[in-house]
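>>> When you get a sec, could you give me coordinates for this:
(2 chains)
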Amino acid sequence: AQKVTQAQTEISVVEKEDVTLDCVYETRDTTYYLFWYKQPPSGELVFLIRRNSFDEQNEISGRYSWNFQKSTSSFNFTITASQVVDSAVYFCALSGSGANSKLTFGKGITLSVRP
Amino acid sequence: SQTIHQWPATLVQPVGSPLSLECTVEGTSNPNLYWYRQAAGRGLQLLFYSVGIGQISSEVPQNLSASRPQDRQFILSSKKLLLSDSGFYLCAWSTSGGVYNEQFFGPGTRLTVL
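This next block holds a predicted model:
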């Protein structure tokens, strides 16, 4: 069975601080996919990134960066120089390699960025 | 490009009343479709998913049901709402037979049962 653990439930930072959101996963699949979604106060889940299990390169997109480490089964998300607009719930998710595989979501991390 | 619509955006219903939430997807064919529920301050719970017209899989037994009368239409229903049915309902789609399986979500419906 697949499992995604987001041990942090709530994080509060002051604007311009860097913040890392942790994600640990469990799967028996040798090929799998990891995702991060953002849920702002409006409610809609916004897809941020997909990472394939065979590609351990870290990725940077503006102030966002993702650190994928297979050895520790982790896929952490760092926001650099956080802004108030980053305040949201962030979900990490995992999918197997089979066609039509469902997503397994973590419980989410509520990030509050104070001005 | 693909878009996903949900309506209504908000709904307040009395206990025991029926429910019908609708989700439609544009710009893609034969998508996989999903209904999730998110209770206040909690994570996402997958309720139903569908890989084709008339094909519905239920993840959690409850008084809700789902139907897919058309390729890009997914409906969530209940004959009699319970207080515990309150929550935020999200519809999502993914590419059928897709390799990566990422899902794209609609704007959601906030349901309050009184």
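>>> pLDDT below threshold where in chain B?
B:61, B:98-100 (pLDDT under 70).
>>> In contact with the residue nearest the centre of chain B, which residues?
Closest residue to the average C-alpha location of chain B: residue B:35 at 2.9 Å, with CA atoms, centre = their mean. Taking CB atoms under 8 Å, 6 or more residues apart in numbering or on different chains, we find residue B:35 in contact with B:23, B:46-49, B:66, B:74, B:76, B:89-91. (C-beta placed from N, C-alpha, C; glycine too.)
>>> restrict those to those near chain A?
B:46, B:49, B:90 (CB under 8 Å from any CB of the partner chain).
>>> Write out the residues of chain A neighbouring chain B.
A:33, A:35, A:37, A:42-47, A:50, A:52, A:91, A:95-97, A:99-103, A:105-108.
>>> mind redoing it with 6 Å?
Neighbours of chain B within chain A, by CB under 6 Å from any CB of the partner chain: A:33, A:35, A:43-45, A:47, A:50, A:95, A:99-101, A:103, A:105, A:107-108.
>>> Mark which of those residues are buried, thanks.
For the residues of chain A next to chain B, a neighbour count by 16 or more other CB atoms under 10 Å in any protein chain shown gives the buried set as A:33, A:35, A:43-45, A:95, A:101, A:103, A:105, A:107-108.
>>> Could you pick out the residues of chain B near chain A for me?
So far as CB under 6 Å from any CB goes, chain B lies against chain A at B:32, B:43-44, B:51, B:88, B:97, B:100-103, B:105, B:107-108.
>>> Show me the strands in chain B, by range?
B:3-7, B:10-13, B:19-26, B:32-38, B:44-52, B:55-58, B:64-70, B:73-78, B:87-94, B:104-105, B:109-113 (DSSP state E).
>>> With distance to residue A:8 as new columns, can those strands be given to me in JSON lines?
As requested, the strands of chain B are exported to JSON lines (distance: least, CB to CB, whole Å):
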{"stretch": "strand B:3-7", "distance to residue A:8": "29"}
{"stretch": "strand B:10-13", "distance to residue A:8": "30"}
{"stretch": "strand B:19-26", "distance to residue A:8": "31"}
{"stretch": "strand B:32-38", "distance to residue A:8": "18"}
{"stretch": "strand B:44-52", "distance to residue A:8": "17"}
{"stretch": "strand B:55-58", "distance to residue A:8": "32"}
{"stretch": "strand B:64-70", "distance to residue A:8": "31"}
{"stretch": "strand B:73-78", "distance to residue A:8": "31"}
{"stretch": "strand B:87-94", "distance to residue A:8": "21"}
{"stretch": "strand B:104-105", "distance to residue A:8": "22"}
{"stretch": "strand B:109-113", "distance to residue A:8": "26"}
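>>> Output the below-cut-off pLDDT ranges for chain A.
Ranges of chain A meeting pLDDT under 70: A:99-100.
>>> Tell me how far residue A:83 lies from chain B.
23 Å (CB to the nearest CB, to the nearest Å).
>>> Just give me the neighbour total for that residue.
12 (other CB atoms under 10 Å in any protein chain shown).
>>> Relative to whichever strand or helix holds residue A:47, what are the paired strands and their orientations?
Element membership for residue A:47 (DSSP states H and E) is strand A:46-52. Next to strand A:46-52 in the sheet, as set by DSSP bridges, lie strand A:32-39 (antiparallel).
>>> relative to strand B:44-52, how tilted is the strand it pairs with?
120 degrees (axes from the mean of the first three to the mean of the last three CA atoms, to 10 degrees).
>>> Name the residues that touch strand A:32-39?
Contact partners of strand A:32-39, identified using CB atoms under 6 Å, 6 or more residues apart in numbering or on different chains, comprise A:45-53, A:75, A:77, A:88-96, B:100, B:102.
>>> Having no further points to raise, I will conclude here.
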